[in-house]
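Q: structure for this input, please:
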Amino acid sequence: MSKFYKFLAFGLFLLIGACASQKETAEPRRYVEPRFNQKAPIGLLVNKVDITSEFTPSFTRPNVEHLFPISLERAARIWATDRLEAADFGSSRTAEFIIKDASVTEQEEKAQELFRKDMLRYRATLTVVLKVIEANGSTAQTSIEAWRELGIPVDTSIDQKEKYWNEMVQNLMADFDTRMQQNINQYLNMYVKDSTSIFEY
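A: Next comes the predicted model:
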(Lines give C-alpha, C1' and ligand atoms only; values in the text may rest on other atoms or scores of the structure.)
Protein backbone atom coordinates (compact mmCIF):
# COMPACT_ATOMS: atom_id res chain seq x y z
CA MET A 1 0.00 0.00 0.00
CA SER A 2 1.34 3.43 -0.93
CA LYS A 3 2.05 6.07 1.66
CA PHE A 4 -0.96 8.07 0.39
CA TYR A 5 -3.41 5.23 0.97
CA LYS A 6 -1.88 4.44 4.34
CA PHE A 7 -2.35 8.08 5.33
CA LEU A 8 -5.95 8.09 4.03
CA ALA A 9 -6.81 4.90 5.93
CA PHE A 10 -5.29 6.30 9.12
CA GLY A 11 -7.27 9.54 8.72
CA LEU A 12 -10.53 7.61 8.31
CA PHE A 13 -9.73 5.56 11.42
CA LEU A 14 -9.25 8.75 13.45
CA LEU A 15 -12.49 10.20 12.11
CA ILE A 16 -14.50 7.06 13.01
CA GLY A 17 -12.90 6.97 16.45
CA ALA A 18 -13.78 10.60 17.07
CA CYS A 19 -17.42 10.01 16.06
CA ALA A 20 -17.69 6.99 18.34
CA SER A 21 -16.23 8.83 21.32
CA GLN A 22 -18.65 11.74 20.81
CA LYS A 23 -21.64 9.38 20.83
CA GLU A 24 -20.43 7.71 24.02
CA THR A 25 -20.11 11.03 25.83
CA ALA A 26 -23.19 11.64 27.97
CA GLU A 27 -25.15 14.81 27.33
CA PRO A 28 -24.75 17.38 30.12
CA ARG A 29 -27.70 17.81 32.48
CA ARG A 30 -30.07 20.48 31.23
CA TYR A 31 -31.42 21.14 34.70
CA VAL A 32 -29.52 21.32 37.97
CA GLU A 33 -30.94 19.45 40.93
CA PRO A 34 -32.04 21.70 43.80
CA ARG A 35 -29.48 21.67 46.62
CA PHE A 36 -29.78 22.94 50.17
CA ASN A 37 -26.25 22.39 51.47
CA GLN A 38 -25.53 26.12 51.38
CA LYS A 39 -27.41 26.21 54.70
CA ALA A 40 -26.22 24.66 57.94
CA PRO A 41 -27.71 21.19 58.47
CA ILE A 42 -30.33 20.67 61.15
CA GLY A 43 -28.64 18.47 63.73
CA LEU A 44 -31.10 15.99 65.23
CA LEU A 45 -30.32 14.19 68.49
CA VAL A 46 -30.64 10.74 66.88
CA ASN A 47 -28.17 8.07 65.78
CA LYS A 48 -29.41 7.94 62.17
CA VAL A 49 -31.85 9.49 59.73
CA ASP A 50 -33.76 7.14 57.42
CA ILE A 51 -35.20 8.58 54.20
CA THR A 52 -38.10 6.61 52.72
CA SER A 53 -40.92 7.16 50.25
CA GLU A 54 -44.43 5.75 50.32
CA PHE A 55 -45.32 7.54 47.10
CA THR A 56 -45.64 5.53 43.88
CA PRO A 57 -46.13 7.40 40.56
CA SER A 58 -49.13 6.15 38.61
CA PHE A 59 -47.62 6.98 35.18
CA THR A 60 -51.15 7.77 33.95
CA ARG A 61 -52.84 11.13 33.47
CA PRO A 62 -53.90 13.35 35.08
CA ASN A 63 -50.68 12.56 37.00
CA VAL A 64 -47.58 13.85 35.20
CA GLU A 65 -44.89 13.91 37.91
CA HIS A 66 -42.92 11.27 35.99
CA LEU A 67 -42.47 13.73 33.08
CA PHE A 68 -40.63 16.32 35.15
CA PRO A 69 -36.87 16.66 34.49
CA ILE A 70 -36.30 16.47 38.27
CA SER A 71 -39.18 14.90 40.14
CA LEU A 72 -40.63 16.34 43.31
CA GLU A 73 -39.85 13.08 45.09
CA ARG A 74 -36.17 13.33 44.08
CA ALA A 75 -36.05 16.95 45.25
CA ALA A 76 -37.49 15.95 48.65
CA ARG A 77 -34.86 13.22 49.07
CA ILE A 78 -32.12 15.73 48.26
CA TRP A 79 -33.56 18.13 50.85
CA ALA A 80 -33.48 15.47 53.56
CA THR A 81 -29.91 14.47 52.65
CA ASP A 82 -28.69 18.08 52.68
CA ARG A 83 -30.60 19.48 55.68
CA LEU A 84 -31.05 16.63 58.18
CA GLU A 85 -28.07 15.32 60.11
CA ALA A 86 -27.79 12.66 62.83
CA ALA A 87 -25.95 14.48 65.64
CA ASP A 88 -26.00 11.97 68.53
CA PHE A 89 -24.50 8.61 67.58
CA GLY A 90 -24.68 7.43 71.18
CA SER A 91 -28.45 7.88 71.22
CA SER A 92 -30.98 5.06 70.88
CA ARG A 93 -33.31 7.36 68.95
CA THR A 94 -33.79 7.31 65.18
CA ALA A 95 -35.43 9.75 62.77
CA GLU A 96 -37.59 8.88 59.77
CA PHE A 97 -38.19 11.27 56.90
CA ILE A 98 -41.18 9.83 55.02
CA ILE A 99 -42.41 11.14 51.67
CA LYS A 100 -46.17 10.53 51.62
CA ASP A 101 -47.08 12.38 48.42
CA ALA A 102 -45.00 13.93 45.64
CA SER A 103 -47.59 14.16 42.90
CA VAL A 104 -48.23 16.57 40.06
CA THR A 105 -51.55 16.65 38.20
CA GLU A 106 -52.38 18.24 34.86
CA GLN A 107 -55.80 19.51 33.80
CA GLU A 108 -56.82 21.16 30.54
CA GLU A 109 -58.93 24.27 30.90
CA LYS A 110 -60.97 25.54 27.96
CA ALA A 111 -60.79 29.26 27.28
CA GLN A 112 -63.96 31.13 28.21
CA GLU A 113 -63.26 34.12 25.97
CA LEU A 114 -62.70 34.47 22.24
CA PHE A 115 -59.06 34.69 21.14
CA ARG A 116 -57.92 33.29 24.48
CA LYS A 117 -55.86 30.11 24.48
CA ASP A 118 -56.82 26.95 26.28
CA MET A 119 -54.66 26.43 29.35
CA LEU A 120 -52.92 23.58 31.12
CA ARG A 121 -53.22 23.77 34.91
CA TYR A 122 -50.69 21.97 37.09
CA ARG A 123 -50.82 21.32 40.81
CA ALA A 124 -47.78 19.94 42.62
CA THR A 125 -48.22 18.55 46.13
CA LEU A 126 -45.50 17.43 48.53
CA THR A 127 -46.53 15.84 51.82
CA VAL A 128 -43.83 14.75 54.25
CA VAL A 129 -43.70 13.41 57.81
CA LEU A 130 -40.61 13.66 60.02
CA LYS A 131 -40.63 11.32 63.03
CA VAL A 132 -38.26 10.92 65.96
CA ILE A 133 -38.62 7.43 67.45
CA GLU A 134 -37.50 6.59 70.97
CA ALA A 135 -36.10 3.18 71.96
CA ASN A 136 -39.41 2.33 73.69
CA GLY A 137 -41.35 2.99 70.50
CA SER A 138 -42.84 6.36 71.44
CA THR A 139 -42.66 8.99 68.73
CA ALA A 140 -42.71 12.72 68.20
CA GLN A 141 -43.42 14.04 64.73
CA THR A 142 -44.23 16.95 62.50
CA SER A 143 -45.75 16.94 59.04
CA ILE A 144 -46.13 19.44 56.26
CA GLU A 145 -48.02 19.70 52.98
CA ALA A 146 -46.56 22.14 50.49
CA TRP A 147 -48.19 22.82 47.14
CA ARG A 148 -47.86 25.05 44.15
CA GLU A 149 -49.96 25.71 41.04
CA LEU A 150 -48.98 26.68 37.51
CA GLY A 151 -50.92 27.68 34.41
CA ILE A 152 -49.42 27.70 30.89
CA PRO A 153 -50.92 27.83 27.35
CA VAL A 154 -51.86 24.41 25.98
CA ASP A 155 -49.61 24.84 22.93
CA THR A 156 -46.44 25.45 25.00
CA SER A 157 -43.47 23.52 23.57
CA ILE A 158 -42.02 20.60 25.52
CA ASP A 159 -38.76 22.50 26.10
CA GLN A 160 -40.66 25.41 27.63
CA LYS A 161 -42.86 23.06 29.64
CA GLU A 162 -39.78 21.45 31.20
CA LYS A 163 -38.44 24.90 32.06
CA TYR A 164 -41.70 25.89 33.78
CA TRP A 165 -41.94 22.51 35.55
CA ASN A 166 -38.41 22.80 36.87
CA GLU A 167 -39.04 26.33 38.16
CA MET A 168 -42.22 25.03 39.81
CA VAL A 169 -40.26 22.37 41.71
CA GLN A 170 -37.50 24.81 42.67
CA ASN A 171 -39.99 27.35 44.05
CA LEU A 172 -42.03 24.74 45.89
CA MET A 173 -38.90 23.32 47.53
CA ALA A 174 -37.73 26.78 48.63
CA ASP A 175 -41.07 27.24 50.40
CA PHE A 176 -40.88 23.70 51.81
CA ASP A 177 -37.38 24.35 53.19
CA THR A 178 -38.51 27.43 55.12
CA ARG A 179 -41.67 25.89 56.50
CA MET A 180 -40.11 22.54 57.45
CA GLN A 181 -37.31 24.22 59.39
CA GLN A 182 -39.93 26.27 61.25
CA ASN A 183 -41.93 23.11 62.03
CA ILE A 184 -38.88 21.24 63.29
CA ASN A 185 -37.85 24.13 65.54
CA GLN A 186 -41.40 24.40 66.89
CA TYR A 187 -42.56 20.80 67.26
CA LEU A 188 -39.30 18.83 67.52
CA ASN A 189 -37.13 21.47 69.19
CA MET A 190 -36.24 19.14 72.09
CA TYR A 191 -34.50 16.88 69.54
CA VAL A 192 -32.57 19.65 67.78
CA LYS A 193 -28.91 19.99 68.72
CA ASP A 194 -28.06 23.29 70.44
CA SER A 195 -31.67 24.43 70.11
CA THR A 196 -32.48 27.71 71.82
CA SER A 197 -36.10 27.74 70.65
CA ILE A 198 -38.70 27.87 73.43
CA PHE A 199 -42.39 27.55 72.62
CA GLU A 200 -45.40 27.73 74.91
CA TYR A 201 -48.30 25.40 74.17
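Q: any idea which helix or strand comes after the helix or strand containing residue 152?
A: Residue 152 belongs to strand 139-153 when assigned by DSSP states H and E. Per DSSP H and E, the first helix or strand lying C-terminal to strand 139-153 is helix 158-187.
Q: now do that following helix, average pLDDT.
A: Averaged across helix 158-187, the pLDDT comes to 97.
Q: tell me the angle it makes with strand 139-153.
A: Between helix 158-187 and strand 139-153, the angle comes out at 150 degrees (axes from the mean of the first three to the mean of the last three Cα atoms, to 10 degrees).
Q: quickly find the element holding the spatially most central residue of the chain.
A: Compute the mean C-alpha point of the chain, and by Cα atoms, centre = their mean the closest residue is residue 75, 1.1 Å away. Using DSSP H and E, residue 75 falls within helix 72-83.
Q: residues touching that helix, excluding its own?
A: Here helix 72-83 makes contact (Cβ atoms under 8 Å, 6 or more residues apart in numbering) with 33-37, 39, 41-42, 49, 51, 53, 55, 57, 65, 97, 99, 102-104, 124, 126, 128, 169, 172-173, 176-177, 180-181. Glycine gets a C-beta too; all of them are placed from N, C-alpha and C.
Q: which ones among those residues map onto strands?
A: Cross-referencing the contacts of helix 72-83 against strands under DSSP state E gives 42, 49, 51, 53, 97, 99, 102-104, 124, 126, 128.
Q: what's the closest of those residues to residue 91?
A: Among those, residue 49 lies closest to residue 91 (Cβ to Cβ), at 11.8 Å.
Q: show me where pLDDT drops low in the chain?
A: For the chain, the stretches with pLDDT under 70 are 1-29, 196-201.
Q: make it 50
A: Where the chain drops to pLDDT under 50, the residues are 2-28, 200-201.
Q: hmm, back to that, now, of the ones in strands among the contacts of helix 72-83, which are buried?
A: 42, 49, 51, 53, 97, 99, 102-104, 124, 126, 128 (16 or more other Cβ atoms under 10 Å).
Q: now stretch 86-104: buried residues?
A: Those would be 86-87, 91, 93-99, 101-104, for stretch 86-104 by 16+ other Cβ under 10 Å.
Q: mind listing the residues bridging to residue 133?
A: Counting by DSSP bridges, residue 133 forms beta bridges with residue 94, residue 139.
Q: okay, it and residue 100: tell me how far apart.
A: Distance check for residue 133 against residue 100: by Cβ to Cβ, to the nearest Å, it reads 17 Å.
Q: next, count neighbours for the nearest residue to residue 37 once chain neighbours are set aside.
A: For residue 37, ignoring the flanking residues on the chain, the nearest one in space by Cβ to Cβ, 6 or more residues apart in numbering is residue 82 at 4.4 Å. By the criterion of other Cβ atoms under 10 Å, residue 82 has 17 neighbours.
Q: surely residue 144 meets residue 175?
A: No. Under the contact definition of Cβ atoms under 8 Å, residue 144 does not touch residue 175, with a separation of 9.8 Å.
Q: I appreciate the help and will end here.
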